[in-house]
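Asker: I'll drop the sequence and a predicted model, then ask my questions.
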Amino acid sequence: MSAGNGLGREQRLFLTGLLALLVSTAIAVVAGSYLSSIRETLALIPGLLVLVPPTINMRGSISGVLASRLSSSMHLGEFAPDCRGGVLTENLHAAFILTVATALALGFIAKLAAWAFGIEVIAAGDLVLISVIAGILSGLIVMGFTVLVSVLSYRRGVDMDMIAAPAVTTLGDLVTIPVLAVTAVTVTALPMGWRMTLLAGVLVIAAGASVYSWMHGARARDIVSEILPLLVGLSVLGTVAGVTYTMDLDRLVAVGALLILIPPFAGICGSIGGILCSRLGTWMHLGLIEPSIRPSRAVGVQFVQSYLFTFLLLPLMAALAHGAALLLGAASPGLLTMVGIALGAGVVVMSIVNGIAYLTASISFRYGFDPDNFGIPVITSVIDLLGAVVLISVINLFL
């Protein structure tokens, strides 16, 4: 392949990724607008905001891993667009088990984190019930969409590495927040006896379905065994991110535009990091880059692309969030301030994400693990916590 052809291909891939991220930005602002519109619900149900970042993160992580693995299987010639067996089916079974297990763990982790930081929160059983129901419902929707994206990408010859992460992360934002809010309102409105009965029934059904998935393929069991401990550990980071936002809830409720920023900021940074992770994982599988300590020139080009995405998209995201706040009648600190907050926090976050993405892919590949299983979960979880801390810190600097 000539240098000119290689450059042209990279330009086309960049434009493909940019288009996917532009659509994701607009949709993520819609998700943020919904979060801002339910700020009274967040204030009335103690601790609900603690669940929001880690639940969104798990949707993006699990579906992102699914998409990344399917993309790599396409490049390796292993993918077949049917659900009757093979790579696609076993990855779906693994994704379902991971969805149930992480949702269950999140309910308990959220309770412990709230207790540790002295935050008022609803009962542990209610948190677990809300987390499991919302996790499974939103997870099934996002997994179905991931399959649709993978099949269409396969049939149309589109590089899934450039579109999957933005697509599934954004849908995770858009679906998870309403499902979580509706589930929380419904569960807390039920009498205590009904809640306990519902919790027992949901756990039994989820356990039975998980056992069924566990029995359908060694590949699914291998994926779950490799990635589940990581996801449970990383869910702590997402929960602490939720705690960080909850501790500043009064300001976020009072200035609704800032609440709108949370899902798109984490989502867009996660999508950019997800594109980077997917490409690095695919290139390592294909032997195009080596997992060395010093990144190659090709990896450096990917870092530059990440910054270009950041400088192009975050000001747009801030402007859309400002406009959405005006439409909703929510307070905003002003357009320039919103752009300054988003861009300042975004540059800091992405500078760290570039390094973590490369280190995660390199270390996992060097030690015989699949980088597709580790890159996106690590990046999205780090962005949840790092993004929360940096975003709140920059907000405090500007305001």
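Answerer: It's in.

Asker: quickly find the element holding the closest residue to Gly217 other than its chain neighbours.
Answerer: In space, and not counting its chain neighbours, Gly217 is closest to Glu90: 3.9 Å by Cβ to Cβ, 6 or more residues apart in numbering. (Each C-beta comes from the backbone N, C-alpha and C, glycine too.) Per DSSP states H and E, Glu90 falls inside helix 87-116.

Asker: could you list the low-confidence segments of the stretch 151-300 of the chain?
Answerer: 158-166 (pLDDT under 70).

Asker: report the central residue of this protein.
Answerer: Gly60 (2.9 Å; Cα atoms, centre = their mean).

Asker: now name the helix or strand holding that residue.
Answerer: helix 48-75.

Asker: now do the buried residues in the helix or strand harbouring Ser36.
Answerer: Assigned by DSSP H and E, Ser36 belongs to helix 3-37. By neighbour count on 16 or more other Cβ atoms under 10 Å, the buried set for helix 3-37 is 13-14, 16-18, 20-22, 24-25, 27-37.

Asker: any idea which helix or strand comes after that helix?
Answerer: That would be, after helix 3-37 and using DSSP H and E, helix 39-44.

Asker: how much distance is there from that following helix to the middle of the chain?
Answerer: 23 Å (Cα atoms, centre = their mean, to the nearest Å).

Asker: by contact count, what packs against that helix?
Answerer: On a contact count with 3 or more Cβ pairs under 8 Å, 6 or more residues apart in numbering; DSSP states H and E, helix 39-44 meets helix 48-75, helix 164-189, helix 249-254.

Asker: can you do 10 Å?
Answerer: helix 3-37, helix 48-75, helix 164-189, helix 249-254, helix 256-286 (3 or more Cβ pairs under 10 Å, 6 or more residues apart in numbering; DSSP states H and E).

Asker: now do the fourth one: everything it contacts.
Answerer: Spelled out, that is helix 249-254. For helix 249-254, contacts defined as Cβ atoms under 10 Å, 6 or more residues apart in numbering pick out 35-36, 39-40, 42-43, 49, 119, 245-246, 258-262, 330-331, 392, 395-396, 399.

Asker: can you classify Gly368 as helix, strand or coil?
Answerer: At Gly368 the chain is in coil, as set by DSSP: H, G, I helix; E, B strand; the rest coil.

Asker: give me the pLDDT for it.
Answerer: Among the per-residue scores, Gly368 holds a pLDDT of 74.

Asker: ramachandran angles for it?
Answerer: In terms of degrees, to the nearest 10, the main-chain angles of Gly368 are phi 90, psi 10.

Asker: now it: how far from Leu258?
Answerer: 44 Å (Cβ to Cβ, to the nearest Å).

Asker: then Gly238?
Answerer: 19 Å.

Asker: neighbour count for these two, which is higher?
Answerer: The neighbour comparison of Gly238 against Leu258 (other Cβ atoms under 10 Å) goes to Gly238, with 34 against 28.

Asker: how close does that one get to Ile272?
Answerer: 18 Å.

Asker: which SSE is immediately downstream of the helix holding Glu90?
Answerer: helix 124-156.

Asker: by contact count, what packs against that following helix?
Answerer: helix 48-75, helix 87-116, helix 164-189, helix 192-214.

Asker: may I see the ones you listed arranged in a markdown table, with distance to Leu335 as well?
Answerer: As requested, the helices and strands packed on helix 124-156 are arranged in a markdown table below (distance: least, Cβ to Cβ, whole Å):
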| stretch | distance to Leu335 |
| --- | --- |
| helix 48-75 | 26 |
| helix 87-116 | 35 |
| helix 164-189 | 23 |
| helix 192-214 | 44 |
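
Asker: and those: which comes nearest Ala266?
Answerer: In terms of Cβ to Cβ, the element of the helices and strands packed on helix 124-156 nearest to Ala266 is helix 48-75, at 6.9 Å.

Asker: how far does that closest one sit from the chain's center?
Answerer: 5 Å.

Asker: cool, stretch 362-381 as well?
Answerer: Relative to the chain's own centre, stretch 362-381 is displaced by 15 Å; criterion: Cα atoms, centre = their mean.

Asker: for stretch 266-281, same thing?
Answerer: Worked out by Cα atoms, centre = their mean, stretch 266-281 lies 10 Å from the chain centre.

Asker: now it - C-alpha only, CSV.
Answerer: What follows is stretch 266-281, C-alpha atoms only, in CSV (Å, rounded to 0.1, in the frame of the first residue of the first chain):
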residue,chain,number,x,y,z
ALA,A,266,-18.3,11.4,29.8
GLY,A,267,-19.9,9.8,26.7
ILE,A,268,-17.9,11.8,24.1
CYS,A,269,-14.6,11.4,26.0
GLY,A,270,-15.4,7.7,26.4
SER,A,271,-16.3,7.3,22.7
ILE,A,272,-13.0,9.0,21.6
GLY,A,273,-11.1,6.7,24.0
GLY,A,274,-13.1,3.7,22.8
ILE,A,275,-12.2,4.4,19.1
LEU,A,276,-8.5,4.5,20.2
CYS,A,277,-8.8,1.3,22.2
SER,A,278,-10.6,-0.6,19.4
ARG,A,279,-8.0,0.4,16.8
LEU,A,280,-5.1,-0.4,19.1
GLY,A,281,-6.6,-3.8,19.9
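
Asker: much appreciated, bye for now.
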